[in-house]
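**Student:** Would you be able to build a 3D model of this:
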Amino acid sequence: MAEIAARSPEYVKFGSLRSIYFGGGTPSLWDSQQLKRIIDFASETFGLQSNAEITLECNPEKLEPDYLEAARNAQINRISLGSQSLVQKELVQLGRLHKAHDSIAAIKHCKELDFSVSVDVIFGTPNQTSDQLDRTLLELLDQPIDHISTYALTIEEDTAFDRQVKTGRFHPMSDDEQAERMQQLGRRIQAAGFEHYEVSAFGKDGHRAIHNSLYWLGAPFLGVGAGAHSYHPGDTENAASRRETIRNPVTYTTSAQALVFPAGFTETLSPEQVLMERIMVGTRVKWGLTLDELPWGRGRKEKIAAMQTVIDELHKDGMLHQTGNFIWPSERGLLFADTIARKLVDTATKLIG
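**Tutor:** This is a model prediction of the structure:
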């Protein structure tokens, strides 16, 4: 709360909160009263919209009904559940502590208390077959969930998977195999009535993730705690900026006791960088972007007109739709968002360079 108080002056001008998100690490280890104190303080500081989304990330194991009820009373209304898989072999490979049945039980408890429920699914685990992925999807889709986030397994440096790759014990999926799994995910999830509204996100009607959508729309957000990220979109006097609070929890705690909240990383973004980021993000979401709302600087009309050739090529390839100056990715385009972004950004770079 001290960091919220210290850093809120630069953000209060953006108005009341549309989203509060407790994520990173395992925030569900917090006592529900701690969650309530933070929500109450944030509400007093910024104001809280009546329909605000307040999310708590949870692991499925030991997610007891009593804790969930207390969280609901603390105004939490959405649970993001780290299920990852319902195949026990895959959970062991991922180093997860929960069992497949823990996820099913957790979903049941959440819905009994009227939470909106989002579930994470990982694909591309070692030797994962399409049948294994189907098993996870079909069992999850038989549950009363509202949102699914899907992630390809990534190999980070100096992790257990990285060491297994280097010793030849694990061979990552090829790009073609991952593309097949992505298409499999998309078909299964959409057939169950979910909207594919972002590359990795699917939601039932009225259940798009508000918090993540605000990121993709370039809205301001204030992140507090060790390693938390913040974004300030700037105004007529200040450029857009990005900040990461110092990551080391011990250093953060020591500094916080002195009411100092040092940044581990800061970056000031030029209008050109903001332009590129808006293009990259706009190719990942179903609602796309409007070209004449981007910070082109001088020669806006000429630069937008010069983008048309690459837009036409992407449309011909079935990856992009266009109405006037509004462009958005097709279902096929969501599978190749990085390709679309690279082509559009390369063209835009030449125009403003």
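**Student:** Mean confidence (pLDDT) on stretch 315-335, please.
**Tutor:** When pLDDT is averaged along stretch 315-335, the result is 94.
**Student:** can you list contacts of that stretch?
**Tutor:** 179, 182-183, 186, 196, 198-199, 282-292, 304, 311, 314, 336-337, 339-340 (CB atoms under 8 Å, 6 or more residues apart in numbering). For glycine as for every other residue, the C-beta is placed from the backbone atoms N, C-alpha and C.
**Student:** if you set the cut-off to 6 Å instead, what comes out?
**Tutor:** 182, 199, 283, 288, 290, 291, 292, 311, 314, 336, 340 (CB atoms under 6 Å, 6 or more residues apart in numbering).
**Student:** Extract the C-alpha trace of that stretch and format it as CSV.
**Tutor:** C-alpha atoms of stretch 315-335 as CSV (Å, rounded to 0.1, in the frame of the first residue of the first chain):
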residue,chain,number,x,y,z
HIS,A,315,-5.3,-9.3,-47.3
LYS,A,316,-4.6,-11.4,-50.4
ASP,A,317,-2.8,-14.0,-48.3
GLY,A,318,-6.0,-14.2,-46.1
MET,A,319,-4.3,-12.8,-43.0
LEU,A,320,-5.7,-9.3,-42.7
HIS,A,321,-9.1,-7.6,-43.2
GLN,A,322,-9.6,-3.9,-43.9
THR,A,323,-12.5,-1.4,-43.9
GLY,A,324,-11.3,2.1,-44.6
ASN,A,325,-8.4,2.8,-42.3
PHE,A,326,-9.4,0.0,-39.9
ILE,A,327,-7.4,-3.2,-40.1
TRP,A,328,-7.8,-6.4,-38.1
PRO,A,329,-6.4,-10.0,-38.3
SER,A,330,-8.4,-12.9,-39.7
GLU,A,331,-8.5,-16.2,-37.9
ARG,A,332,-5.6,-17.3,-40.1
GLY,A,333,-3.9,-14.1,-39.3
LEU,A,334,-4.0,-14.8,-35.6
LEU,A,335,-1.8,-17.8,-36.2
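**Student:** Tell me how far it lies from the chain's centre.
**Tutor:** Centroid displacement of stretch 315-335 relative to its chain, using CA atoms, centre = their mean, to the nearest Å, is 22 Å.
**Student:** ok, now stretch 114-125?
**Tutor:** Chain-centre distance of stretch 114-125: 12 Å, with CA atoms, centre = their mean.
**Student:** element containing the most centrally placed residue in the chain?
**Tutor:** Most central in the chain under CA atoms, centre = their mean is residue 212, positioned 4.7 Å from the mean C-alpha point. In the assignment (DSSP states H and E), residue 212 maps to helix 210-216.
**Student:** Residue 264 now?
**Tutor:** strand 263-269.
**Student:** packing partners for the helix holding residue 212?
**Tutor:** In terms of contacts (3 or more CB pairs under 6 Å, 6 or more residues apart in numbering; DSSP states H and E), helix 210-216 is packed against strand 17-22.
**Student:** so what does the strand it packs on touch, helix or strand wise?
**Tutor:** Here strand 17-22 touches strand 48-58, helix 210-216, going by 3+ CB pairs under 6 Å, 6+ apart.
**Student:** ok, now how distant is residue 180 from residue 133?
**Tutor:** 10 Å (CB to CB, to the nearest Å).
**Student:** quick one, which of those two is more surrounded?
**Tutor:** residue 133 (24 against 15; other CB atoms under 10 Å).
**Student:** CA atoms only: put the helix or strand containing that one into PDB for me.
**Tutor:** Assigned by DSSP H and E, residue 133 belongs to helix 130-141. Taking C-alpha atoms only, helix 130-141 is exported to PDB below (Å, rounded to 0.1, in the frame of the first residue of the first chain):
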ATOM      1  CA  SER A 130      -2.600 -34.400 -30.200                       C
ATOM      2  CA  ASP A 131      -4.600 -37.000 -28.200                       C
ATOM      3  CA  GLN A 132      -3.100 -35.700 -24.900                       C
ATOM      4  CA  LEU A 133      -3.900 -32.200 -25.800                       C
ATOM      5  CA  ASP A 134      -7.500 -33.200 -26.800                       C
ATOM      6  CA  ARG A 135      -7.900 -34.900 -23.500                       C
ATOM      7  CA  THR A 136      -7.100 -31.700 -21.600                       C
ATOM      8  CA  LEU A 137      -9.300 -29.600 -23.800                       C
ATOM      9  CA  LEU A 138     -12.300 -31.800 -23.800                       C
ATOM     10  CA  GLU A 139     -12.300 -32.300 -20.100                       C
ATOM     11  CA  LEU A 140     -11.800 -28.600 -19.400                       C
ATOM     12  CA  LEU A 141     -14.400 -27.500 -22.000                       C
END
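**Student:** next structured bit after it?
**Tutor:** According to DSSP H and E, the helix or strand after helix 130-141 is strand 147-152.
**Student:** pLDDT below threshold where in the protein?
**Tutor:** Scanning the chain for pLDDT under 70 picks out the ranges 156, 158-162, 164-165, 168-169, 172-173, 236-237, 353.
**Student:** all strands for it, in order.
**Tutor:** Along the chain, counting by DSSP state E, strands occupy 17-22, 48-58, 78-84, 116-123, 147-152, 195-198, 201-203, 229-232, 240-245, 263-269, 289-290, 320-323, 326-329.
**Student:** so can I have JSON lines of the ones you listed showing distance to residue 275 and mean neighbour count?
**Tutor:** Shown next, in JSON lines, are those (distance: least, CB to CB, whole Å; neighbours: other CB atoms under 10 Å):
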{"stretch": "strand 17-22", "distance to residue 275": "25", "mean neighbour count": "20"}
{"stretch": "strand 48-58", "distance to residue 275": "28", "mean neighbour count": "18"}
{"stretch": "strand 78-84", "distance to residue 275": "31", "mean neighbour count": "25"}
{"stretch": "strand 116-123", "distance to residue 275": "31", "mean neighbour count": "22"}
{"stretch": "strand 147-152", "distance to residue 275": "27", "mean neighbour count": "20"}
{"stretch": "strand 195-198", "distance to residue 275": "20", "mean neighbour count": "20"}
{"stretch": "strand 201-203", "distance to residue 275": "24", "mean neighbour count": "24"}
{"stretch": "strand 229-232", "distance to residue 275": "15", "mean neighbour count": "18"}
{"stretch": "strand 240-245", "distance to residue 275": "11", "mean neighbour count": "18"}
{"stretch": "strand 263-269", "distance to residue 275": "10", "mean neighbour count": "13"}
{"stretch": "strand 289-290", "distance to residue 275": "10", "mean neighbour count": "18"}
{"stretch": "strand 320-323", "distance to residue 275": "18", "mean neighbour count": "16"}
{"stretch": "strand 326-329", "distance to residue 275": "14", "mean neighbour count": "20"}
